[in-house]
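1. Below: sequence and its predicted model.
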Amino acid sequence: MPEFDIPATTPDAMPIRIWVMPHSRVTQKDDVHTRLAIALGCTPQTLPLTRDVHGRPRLGVPYMDYDLNWSHSGDLLLLALGKRVRLGIDVEKLRDQPRALDLARRFFHPSEADQLQRSGNITRDFFRFWCAKEAILKAHGRGIAFGLNRVIFTLETPEETPHLLECDTALGQPDDWNLHLWRPCADYFAMLAWRQHTGH
Ligand SMILES: CC(C)(COP(=O)(O)OP(=O)(O)OC[C@H]1O[C@@H](n2cnc3c(N)ncnc32)[C@H](O)[C@@H]1OP(=O)(O)O)[C@@H](O)C(=O)NCCC(=O)NCCS
């Protein structure tokens with residue numbers, strides 16, 4: 001089972017641990033609980049994992065300095081755990097999306113839909129936008145219900161990771177956020193979004 005660390009972005013921060021696992025609806029809960037319990041030094045039975053009113057998983061006492069999130073698509077489940085950060089993760093299996101442009105016109109910011117229209121690879125670029133938006137909105141905690149158009153990205157960057165241009169003030173400033181897009185397997189995109197966070 002591959003696991004790796006995303007390096008810390010400030011000297012006092014800890015790296016973020018990522019697990020890439022096969023996704024099974026039957027064993028998902030046990031798999032997630034087991035990984036977290038080993039990492040945190042407790043047992044799956046005593047792991048204080050709860051959900052808030054928006055359905056976001058949270059860790060309780062004595063792990064309230066930690067944040068976690070997971071995402072599944074196709075055959076993959078990605079789990080992220082970090083300390084003194086607020087994080088969100090999204091994984092998407094790339095698949096034909098004949099309505100990509102319609103969806104973007106309806107739910108994305110107009111500048112993003114315009115970029116998609118100019119794209120030479122609409123499927124790839126739709127999922128680049130989608131992963132970026134979902135990961136940051138999951139980190140914020142309300143998920144996509146908060147509004148996909150309230151975070152505005154550009155793909156016009158030398159990196160494959162989209163660049164956050166603007167976000168709703170509830171998410172802070174764009175520069176507060178770290179973003180990392182990668183391909184955990186062929187035909188998948190994964191995105192981690194995180195920012196420093198010291199409160200509960
Ligand atoms: C919940 C949501 C993020 C799921 O998106 P998705 O692409 O289907 O799923 P992903 O695989 O990327 O993520 C699912 C995981 O995100 C987590 N999650 C759920 N709600 C979340 C939230 N508000 N914020 C962050 N993470 C959340 C859960 O761990 C969930 O795992 P589960 O399906 O095993 O419970 C998306 O539907 C959403 O943003 N909905 C709006 C919030 C909402 O409706 N919450 C439920 C009402 S209580």
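-> Thanks, I have the structure now. Residues are numbered from 1 along each chain as shown.
2. Return the residues of the chain in contact with the ligand.
-> 54-57, 69-72, 88, 90, 134, 138, 141-145 (C-beta under 6 Å from any ligand atom). From N, CA and C alone the C-beta is placed, and that goes for glycine too.
3. the longest helix in this protein is where?
-> helix 122-140 (DSSP state H).
4. could you say what helices and strands that helix packs with?
-> Judged by 3 or more C-beta pairs under 8 Å, 6 or more residues apart in numbering; DSSP states H and E, helix 122-140 is in contact with strand 66-73, strand 85-93, helix 100-107, helix 110-118, strand 151-154, strand 163-167, strand 178-182, strand 188-196.
5. Same list (the ones you listed) but as a markdown table, adding distance to residue 8 and mean pLDDT.
-> Below are these laid out as a markdown table (distance: least, C-beta to C-beta, whole Å; pLDDT from 0 to 100):
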| stretch | distance to residue 8 | mean pLDDT |
| --- | --- | --- |
| strand 66-73 | 14 | 97 |
| strand 85-93 | 9 | 97 |
| helix 100-107 | 33 | 97 |
| helix 110-118 | 30 | 97 |
| strand 151-154 | 23 | 98 |
| strand 163-167 | 19 | 98 |
| strand 178-182 | 10 | 96 |
| strand 188-196 | 10 | 96 |
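6. Now render the ones you listed as CSV, adding mean neighbour count.
-> CSV is the format used below for the helices and strands packed on helix 122-140 (neighbours: other C-beta atoms under 10 Å):
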stretch, mean neighbour count
strand 66-73, 21
strand 85-93, 23
helix 100-107, 16
helix 110-118, 16
strand 151-154, 22
strand 163-167, 17
strand 178-182, 19
strand 188-196, 24
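7. residues touching the residue nearest the centre of the chain, list them.
-> With distances taken as C-alpha atoms, centre = their mean, residue 89 lies nearest the centre of the chain, 1.9 Å away. Residue 89 sits next to 18, 69-71, 78-80, 135, 138, 190-193 when contact means C-beta atoms under 8 Å, 6 or more residues apart in numbering.
8. Residue 37 too?
-> 43-44, 46-47.
9. Now this protein against the ligand: closest residue?
-> residue 143 (2.0 Å; C-beta to the nearest ligand atom).
10. circling back: of the contacts of residue 37, closest to residue 170?
-> residue 47 (29.2 Å; C-beta to C-beta).
11. show me the contacts for the closest one.
-> 33, 36-37, 40, 59 are the contacts of residue 47 under C-beta under 8 Å, 6+ apart.
12. do the same with residue 156
-> 115, 163.
13. One more: residue 44?
-> So residue 44 contacts 30, 33-34, 36-37 (C-beta under 8 Å, 6+ apart).
14. which one in those residues is the model shakiest on?
-> By predicted confidence (pLDDT), the lowest-ranked of the contacts of residue 44 is residue 30, with 92.
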